[in-house]
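Engineer: Take this sequence and fold it.
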Amino acid sequence: MIVVLVHIHVKEEAIEAFKVAIKANARESVKEPGVARFDVIQQRDDPQRFVLVEAYYQQEDTARHKETAHYLTWRETAEPMMVEPRQGISHLSVWPEDQAW
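Structural biologist: This next block holds a predicted model:
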């Protein structure tokens, strides 16, 4: 399992619009066959900061996700809402072992 944590810093005036855009992307992302999980979390003490928790079955699934129409639409819509470029960090799942979430 490949887990990608994507850290996003959103402009204060764009928080609500960003939530709409990322929820639309997340709803479609979980329908992809290679996606085990796609969570969107917002920092409690700094609501401009979000983390996407994306879990994929295989490394190839991460690349396929970035080719989907819903991802490309989200990227085009959300990038102008960001204070700085998003940062994605790829991880390997240690637990649960060999199981989908």
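Engineer: And for the residue nearest to residue 85 when sequence neighbours are not counted, the neighbour number?
Structural biologist: Distances taken as Cβ to Cβ, 6 or more residues apart in numbering place residue 79 nearest to residue 85, at 8.0 Å, with adjacent residues excluded. Using the backbone N, CA and C atoms, a C-beta is placed for each residue, glycine as well. Counted by other Cβ atoms under 10 Å, the residues lying close to residue 79 total 11.
Engineer: List the buried residues of the helix or strand harbouring residue 76.
Structural biologist: Here residue 76, judged by DSSP states H and E, is contained in helix 69-78. By neighbour count on 16 or more other Cβ atoms under 10 Å, the buried set for helix 69-78 is 70, 71, 74, 77, 78.
Engineer: Look up how far residue 62 lies from residue 20.
Structural biologist: Applying Cβ to Cβ, to the nearest Å, the value for residue 20 to residue 62 is 24 Å.
Engineer: Those two: who's more crowded?
Structural biologist: residue 62 (18 against 10).
Engineer: Beta-bridge partners for residue 42, please?
Structural biologist: With DSSP bridges as the criterion, the beta-bridge partners of residue 42 are residue 50.
Engineer: and it, what does it touch?
Structural biologist: Neighbouring residues of residue 42 by Cβ atoms under 8 Å, 6 or more residues apart in numbering: 19, 49, 50.
Engineer: Next, format those residues as a markdown table and append neighbour count.
Structural biologist: Formatted as a markdown table, the contacts of residue 42 follow (neighbours: other Cβ atoms under 10 Å):
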| residue | neighbour count |
| --- | --- |
| 19 | 15 |
| 49 | 15 |
| 50 | 22 |
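Engineer: Identify, from the residues you listed, the entry nearest to residue 9.
Structural biologist: residue 49 (5.6 Å; Cβ to Cβ).
Engineer: Taking the centroid of this protein, which residue is nearest it?
Structural biologist: residue 52 (3.7 Å; Cα atoms, centre = their mean).
Engineer: you'd agree that residue is up against residue 39?
Structural biologist: Yes - counting by Cβ atoms under 8 Å, residue 52 does reach residue 39; the two are 7.1 Å apart.
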